[in-house]
Structures are given as structure tokens and as C-alpha cells.
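Q: quick one, fold the following:
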Amino acid sequence: MPRYEYRCRTCGSTFELSRPMAESSAPADCPAGHADTVKLLSAVAVGGTSSAPAAGGGGGGGGCCGGGCCS
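A: I've put the predicted structure just below:
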């Protein structure tokens, strides 16, 4: 189940909740019982390498058509 991060506008605390995606925008009370909270935008870090060829590389000869119609 995904975890979502929220911040309480009343006391300033930040907290996480595990809930279904369908409930991600539903109101969430902070642990201190305050109802004025906002869901934070989470940054996702993705690492690794790609096996796809770089733009402009990969074979053929030139431009958008692979060299067939360009002179």
C-alpha cells in the first residue's frame, strides 16, 4: 500500500499515512488531532542505467527519416 506524506497547517508537524491510492486525496487528521492538513508532493528518486540508445544515435544516417529522403 502506498505511503503519503502530509503536513498539519495548525501545528506544522509532518506525518505519513499508508492508504489506498483511491483515498490519497481524502482528508487526513494529524496525530495531534488537527484536521487542517495538506498532502505534500513527494519527490521520487529513480536511479540506474538505460539500455536505450541516446537521442540521435542508434543507426541509420541522418535526421528524422533515417537518411532515406534527405540529401
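Q: surely residue 5 touches residue 38?
A: No. Using Cβ atoms under 8 Å, residue 5 is not in contact with residue 38, being 10.0 Å away. C-beta: built from backbone N, CA, C; applies to glycine.
Q: list residues touching both of those two?
A: When Cβ atoms under 8 Å, 6 or more residues apart in numbering defines a contact, no residue borders residue 5 and residue 38 alike.
Q: average pLDDT across stretch 6-26?
A: In this model, stretch 6-26 has a mean pLDDT of 93.
Q: report the backbone C-alpha coordinates of that stretch in PDB.
A: Extracted as PDB, the C-alpha positions of stretch 6-26 are listed here (Å, rounded to 0.1, in the frame of the first residue of the first chain):
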ATOM      1  CA  TYR A   6       1.000  15.200   4.900                       C
ATOM      2  CA  ARG A   7       1.700  18.400   6.800                       C
ATOM      3  CA  CYS A   8      -0.500  19.900   9.500                       C
ATOM      4  CA  ARG A   9      -1.200  23.600   9.000                       C
ATOM      5  CA  THR A  10      -2.100  24.100  12.600                       C
ATOM      6  CA  CYS A  11       0.900  22.700  14.400                       C
ATOM      7  CA  GLY A  12       3.400  22.300  11.500                       C
ATOM      8  CA  SER A  13       4.100  18.600  12.000                       C
ATOM      9  CA  THR A  14       4.700  16.300   9.100                       C
ATOM     10  CA  PHE A  15       3.400  12.700   9.100                       C
ATOM     11  CA  GLU A  16       2.900   9.800   6.800                       C
ATOM     12  CA  LEU A  17      -0.100   7.600   6.200                       C
ATOM     13  CA  SER A  18      -0.400   4.300   4.300                       C
ATOM     14  CA  ARG A  19      -3.700   4.200   2.400                       C
ATOM     15  CA  PRO A  20      -5.000   3.000  -0.900                       C
ATOM     16  CA  MET A  21      -4.400   5.300  -3.900                       C
ATOM     17  CA  ALA A  22      -8.200   5.900  -4.200                       C
ATOM     18  CA  GLU A  23      -8.000   7.600  -0.800                       C
ATOM     19  CA  SER A  24      -4.800   9.600  -1.300                       C
ATOM     20  CA  SER A  25      -6.700  12.900  -1.500                       C
ATOM     21  CA  ALA A  26      -9.100  12.200   1.300                       C
END
